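Visitor: Okay, structure incoming, though there's no sequence with it:
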C-alpha cells in the first residue's frame, strides 16, 4: 500500500517561496508509468492541479502556475518537492500530493494547510 505524507511550513510570508515535500512509502517514485502530482484546494474554490513529476523525472506544470512552480525529486529518499515562488494570499489553501496512474490520482496524502500571511 502506498502512503504519501506532505510536510512543510504552515505559514508563509507574502512574496516568499513555499516549499512542500511529499514523502512516499510503499512505492518507488521511479516505478514505470507513475506520476507524482501536487493538487491544492483554496477556500471557496475547486481542486486545482498544479503539476506533476514523472517516473522519468520529467516535469509538467499547470499553465497558470508555470512561471512560479518547480518540482524536484530525491530518488534516494523517495521524496518529491513543490516549490512555489512569489506567493500571495491567493495561494492559501490545503495542498495535497498524489500518485497518478492513467491520468488519475489514485492515492492521496492527507493534505497540509498553508496560509500566506504577514
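Guide: Cool, got the structure. Source: prediction; values computed, not measured.
Visitor: so the residue nearest the centre of the chain bridges to which residues?
Guide: Residue closest to the average C-alpha location in the chain (CA atoms, centre = their mean): residue 38, at 2.8 Å. Note on residue 38: beta-bridge partners residue 51, residue 97, judged by DSSP bridges.
Visitor: What is the least confident helix or strand in the chain?
Guide: strand 104-108 (a mean of 94; mean pLDDT, DSSP states H and E).
Visitor: Name the nearest residue to residue 98, ignoring sequence neighbours.
Guide: residue 105 (3.9 Å; CB to CB, 6 or more residues apart in numbering). For every residue, glycine as well, the C-beta is placed using N, CA and C.
Visitor: same question but for residue 65, I mixed them up
Guide: Looking at residue 65 with CB to CB, 6+ apart, the closest residue is residue 50, at 5.6 Å.
Visitor: ok, the one you found - contacts?
Guide: Contact analysis of residue 50 by CB atoms under 8 Å, 6 or more residues apart in numbering lists 37, 38, 39, 40, 61, 62, 65, 69, 82, 84.
Visitor: Appreciated, that's everything.
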